[in-house]
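In: what would the 3D arrangement of this be:
(4 chains)
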Protein chains: 2
Amino acid sequence: MVRLVSVCASLSDDELALLESLAHPTHFASGETLFTQGREAHSVYNVTAGVVRLYKLLSDGRRQVVGFALPGDFLGLAMRDAYGFSADAIGEVAACAFSRGAYTALVDAKPHLLKRLHEFATHELTLAHEQMMLLGRRTAEEKLICFLLGMQQRWARLGKPSVTVPLPMTRQDIADFLGLTIETVSRTFTRLAKDKTILIVPGGVRVMNPERMSAVAA
Amino acid sequence: MVRLVSVCASLSDDELALLESLAHPTHFASGETLFTQGREAHSVYNVTAGVVRLYKLLSDGRRQVVGFALPGDFLGLAMRDAYGFSADAIGEVAACAFSRGAYTALVDAKPHLLKRLHEFATHELTLAHEQMMLLGRRTAEEKLICFLLGMQQRWARLGKPSVTVPLPMTRQDIADFLGLTIETVSRTFTRLAKDKTILIVPGGVRVMNPERMSAVAA
DNA sequence: CGGCGAAATTGATCCAGATCAATGCGACGG
DNA sequence: CCGTCGCATTGATCTGGATCAATTTCGCCG
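Out: Residues are numbered from 1 along each chain as shown, chains lettered A, B, ... in the order given. Below is the predicted model of the structure:
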């Protein structure tokens, strides 16, 4: 089984064995829904391969993508009665599912694990605060640049450092993550490409001028 | 000492006693800084009275208020080396401070407390997701209405239910929380008051048409 | 009470990004 | 090879909220 990188790095062997015994390996096809906002929260997921889109909807259809989960990320941690957002697969996704019961029992039995989970949640909260700054106070160009650098860093931390940032999500997904329209995302990418700040390649973007990008993101 | 409402509701008497023995009661004058973004994180705080403004700054001075802490709220939980945002008192504030060392020792010793803290962090994360939806996809009027209803609910949960929502923060604080300018906040309040949706009173706003407001927030 | 500084309101104008409207362009099935 | 369907790009125009610019109101202190 794929190692649960995000939570399990610091666990003992027996704890790891216990965790793996409770995990149900699951697979989702491209576009398939892992869970839906408002539905009863039956499971927690740990993504092992692929990318997941996390989003909230307003009754009139407006959508806010609250994040993209990469391998190692945990989903559905809130664990109230109902999921607070929806999640679906962007491309093929593999994940380990833990039933709510198994999850709560595990957390009660293993303070060590709870501590790691808490650190993970706390890190998510820090990222959420940065996203608030981005959504509330940054321009379209800054939003795109911060997004690209952020994704690049995340892939790098997962052991895939590269100047080419994979973007498996659609322009609409990016727009809904950054609080923009698809047209503004497209135009801003085109402008950055004309600048030679980035190079648009199939399935992603190549970072050409990281200095300028970092300066804008600062 | 004022009871630490948010975290301690479910603790045993001895745990509560231990907690109180480690808490340093502190007082802050209006406008005083509790801690600053980027500085070494020496303490965690539990607000016991007053309101605290939590915010991040960009190098060019743009500001995003990431939250307002009310009595019972915990600050500085992220507890990496450095604080992720700044916090200062809006009016007089009383808080219990826990040194970083005392905090980590306490958390390691009392899984029970850690679980409560984790629930608190998880709830904060849910609120952060809602704020992302608000910042990215809602109009100025919707932002103001959601803000007012949110503050009303928070005061209600603290045992102060009222149709008059206290707003001790400035218009600039509200603008920086909602990703708007001070002028837009002011104009939108005026328009809502003309509608008879709200009544602007000294130090706050009285909710006059909760039905319409809830409908907009939905 | 009167004067001063900070906050808030109000008005006029501007503009970044939204909206409306065509194309462009792969990928995929027949 | 060609049609078609779902993105993505590009262009023209519009507009909600920003910006610029005065007042006005409100503590608060002497």
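
In: and the helix or strand residue A:55 falls within, which strands flank it?
Out: Per DSSP states H and E: residue A:55 is located in strand A:43-57. Strand A:43-57 has these partner strands in its sheet, going by DSSP bridges: strand A:63-69 (antiparallel), strand A:74-75 (antiparallel), strand A:86-99 (antiparallel).

In: which residues does the shortest one contact?
Out: What that stands for is strand A:74-75. Identification of contacts with strand A:74-75 by Cβ atoms under 8 Å, 6 or more residues apart in numbering or on different chains yields A:6-7, A:34-35, A:44-47, A:52, A:54, A:69, A:87, A:95, A:117, A:120. C-beta: built from backbone N, CA, C; applies to glycine.

In: go again using 6 Å as the cut-off
Out: Residues from elsewhere that reach strand A:74-75, judged by Cβ atoms under 6 Å, 6 or more residues apart in numbering or on different chains: A:45, A:46, A:69, A:87, A:120.

In: what about it, distance to the chain center?
Out: 9 Å (Cα atoms, centre = their mean, to the nearest Å).

In: report the mean confidence score over it.
Out: Strand A:74-75 comes out with an average pLDDT of 92.

In: one more: the first one?
Out: Along strand A:63-69, the predicted confidence averages to a pLDDT of 98.

In: which residues are in contact with that strand?
Out: So strand A:63-69 is contacted by A:47, A:51-52, A:54-57, A:75, A:85, A:173, A:176-177, B:129, B:132-133, B:136-137 (Cβ under 6 Å, 6+ apart).

In: just the buried ones from those?
Out: A:47, A:51-52, A:54-57, A:75, A:85, A:173, A:176-177, B:129, B:132-133, B:136-137 (16 or more other Cβ atoms under 10 Å in any protein chain shown).

In: pLDDT wise, what is residue A:9 at?
Out: 47.

In: what do you get for residue A:108?
Out: On pLDDT, residue A:108 comes in at 89.

In: is it within a helix or a strand, and which one?
Out: helix A:100-109.

In: what's downstream of that helix, the next helix or strand?
Out: Note on helix A:100-109: by DSSP H and E, the next helix or strand toward the C-terminus is helix A:111-137.

In: what residues are up against the closest residue to residue A:130 other than its chain neighbours?
Out: Leaving aside its chain neighbours, residue A:130 sits nearest to residue B:56 (7.6 Å; criterion: Cβ to Cβ, 6 or more residues apart in numbering or on different chains). Counting by Cβ under 6 Å, 6+ apart, residue B:56 makes contact with A:133, B:64, B:85.

In: quick one: name the residues of chain A near DNA strand D.
Out: A:170, A:171, A:172, A:182, A:183, A:185, A:186, A:187, A:189, A:190, A:200 (Cβ under 7 Å from any atom of the strand).

In: I'd like the strands paired with strand A:43-57 laid out as CSV, including distance to residue A:196.
Out: CSV is the format used below for those (distance: least, Cβ to Cβ, whole Å):
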stretch, distance to residue A:196
strand A:63-69, 26
strand A:74-75, 37
strand A:86-99, 28
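
In: break chain A into its domains for me.
Out: A:5-127, A:138-217 (automatic domain parsing).

In: off-centre distance for the first one?
Out: Distance of domain A:5-127 from the chain centroid (Cα atoms, centre = their mean) equals 10 Å.

In: low pLDDT regions in chain A?
Out: For chain A, the stretches flagged by pLDDT under 70 are A:1-16, A:79.

In: got the residues of it near DNA strand C?
Out: Contacts of chain A with DNA strand C, taken as Cβ under 7 Å from any atom of the strand, map to A:139, A:140, A:141, A:179, A:180, A:181, A:183, A:184, A:202.

In: what does stretch A:156-170 rub up against?
Out: Contacts of stretch A:156-170 (Cβ under 6 Å, 6+ apart): A:51, A:90, A:91, A:148, A:151, A:152, A:204, A:205, A:206, A:207.

In: looking at those, which is nearest DNA strand D?
Out: Ranked by distance to DNA strand D (Cβ to the nearest atom of the strand), those are led by residue A:205 at 9.4 Å.

In: which residues touch that closest one?
Out: Taking Cβ under 6 Å, 6+ apart, we find residue A:205 in contact with A:148, A:165, A:198.

In: restricted to strands, list those residues.
Out: Of the contacts of residue A:205, the ones assigned to strands by DSSP state E are A:165, A:198.

In: can you redo the contacts of residue A:205 as JSON lines with distance to residue A:24 and neighbour count?
Out: Formatted as JSON lines, those follow (distance: Cβ to Cβ, whole Å; neighbours: other Cβ atoms under 10 Å in any protein chain shown):
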{"residue": "A:148", "distance to residue A:24": "34", "neighbour count": "24"}
{"residue": "A:165", "distance to residue A:24": "32", "neighbour count": "22"}
{"residue": "A:198", "distance to residue A:24": "40", "neighbour count": "24"}
